[in-house]
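Enquirer: below: sequence and its predicted model.
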Amino acid sequence: MNAPEKRRRGRPREYNADSALARAEYTFWKRGYAGTSLDDLAAATGMNRPSLYAAFGDKRSLYLKTLERYRDQARAKSKELLADDPPLRVYLERFYEAALDIYFAGPKPARGCYSIGTAATEAAVDPAVRTFLADSIRNTDAFLAGVIRRARDRKEIAANCDPNALAGIATATLHTLAVRSRAGHSRKELSALAAAAIEAICRR
């Protein structure tokens, strides 16, 4: 028989990367990047400092990984909402309601969007975060432009519309919902704002 494997130091056996990232994300979301210490992250993830460094690198590296996780989940959800090939108006209604589900999840007050709530501040001083945020905005614009272009081709909206310009409006609406939710606007108010934006985008 083989000798029992020695227990490894640092990372615990029950370590789960996605679970640890989710807990770190929640902590950054609640406290902000600057307000979150390594001790906060260790307590949230149940990992000691050496384990955190071994798994994710330093605080900044861990934060960037949580941003990537949030982005990937948002992209997957956005594509999932297209699964039944809905009309543009229906898709945008789903898109904004799904965002509001995230912004208003958890205890009050509303926490808004993770990227906009934390990365917009850090982007002013961290080039990597600024690049991440800029790429995220461009990718959202491009994704929505594709959805809008398809709607134009199906004659759901005006034939002379500019999909790129309308996508910019759609993305800007998403971001203002995030900021306004954090500022204390009610979900009812924000749903009405989203509906107004949809009307403007879907004119024929």
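Expert: Sure, I can see it.
Enquirer: CA only for contacts and neighbour counts going forward, please
Expert: OK.
Enquirer: ranges for the helices of this protein?
Expert: Along the chain, the stretches classed as helices by DSSP state H are 17-31, 38-45, 49-56, 59-80, 88-103, 114, 120-122, 127-153, 163-182, 187-201.
Enquirer: among these, which is the most enclosed?
Expert: Comparing the helices of the chain by mean neighbour count (mean count of other C-alpha atoms under 10 Å), helix 114 ranks first with a mean of 22.
Enquirer: returning to what we had before: where among the helices of the chain is the average confidence lowest?
Expert: Mean pLDDT is lowest for helix 49-56 out of the helices of the chain, coming in at a mean of 91.
Enquirer: now that helix against helix 17-31, angle please.
Expert: Helix 49-56 and helix 17-31 are oriented at 110 degrees to each other (axes from the mean of the first three to the mean of the last three C-alpha atoms, to 10 degrees).
Enquirer: which strands and helices sit next to helix 49-56?
Expert: helix 38-45 (3 or more C-alpha pairs under 8 Å, 6 or more residues apart in numbering; DSSP states H and E).
Enquirer: how about a cut-off of 10 Å?
Expert: Contacts defined by 3 or more C-alpha pairs under 10 Å, 6 or more residues apart in numbering; DSSP states H and E place helix 49-56 against helix 17-31, helix 38-45, helix 59-80.
Enquirer: domain assignment for this protein?
Expert: Here the domain assignment for the chain is 12-67, 81-201, based on automatic domain parsing.
Enquirer: can you redo these as JSON lines with distance to Gln73?
Expert: As requested, these are exported to JSON lines (distance: least, C-alpha to C-alpha, whole Å):
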{"stretch": "domain 12-67", "distance to Gln73": "10"}
{"stretch": "domain 81-201", "distance to Gln73": "11"}
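Enquirer: which among those is found nearest to Ala74?
Expert: Nearest of those to Ala74, taken as C-alpha to C-alpha: domain 81-201 at 8.6 Å.
Enquirer: endpoints of that closest one, how far apart?
Expert: One end of domain 81-201 to the other measures 18 Å (C-alpha to C-alpha, to the nearest Å).
Enquirer: ditto for stretch 157-171
Expert: Using C-alpha to C-alpha, the two ends of stretch 157-171 sit 18 Å apart.
Enquirer: chain center to it: distance?
Expert: 22 Å (C-alpha atoms, centre = their mean, to the nearest Å).
Enquirer: give me the contacts around it.
Expert: 88-89, 92, 95-96, 137-153, 172-175, 177, 194, 197-198, 200-204 (C-alpha atoms under 10 Å, 6 or more residues apart in numbering).
Enquirer: go again using 8 Å as the cut-off
Expert: Stretch 157-171 has contacts (C-alpha atoms under 8 Å, 6 or more residues apart in numbering) with 137, 140-142, 144-146, 148-149, 151-153, 197-198, 201-204.
Enquirer: just stretch 142-149 next, same as before
Expert: By C-alpha under 8 Å, 6+ apart, stretch 142-149 touches Leu88, Pro163, Asn164, Leu166, Ala167, Ala170, Thr171.
Enquirer: kind regards, and thank you for your time.
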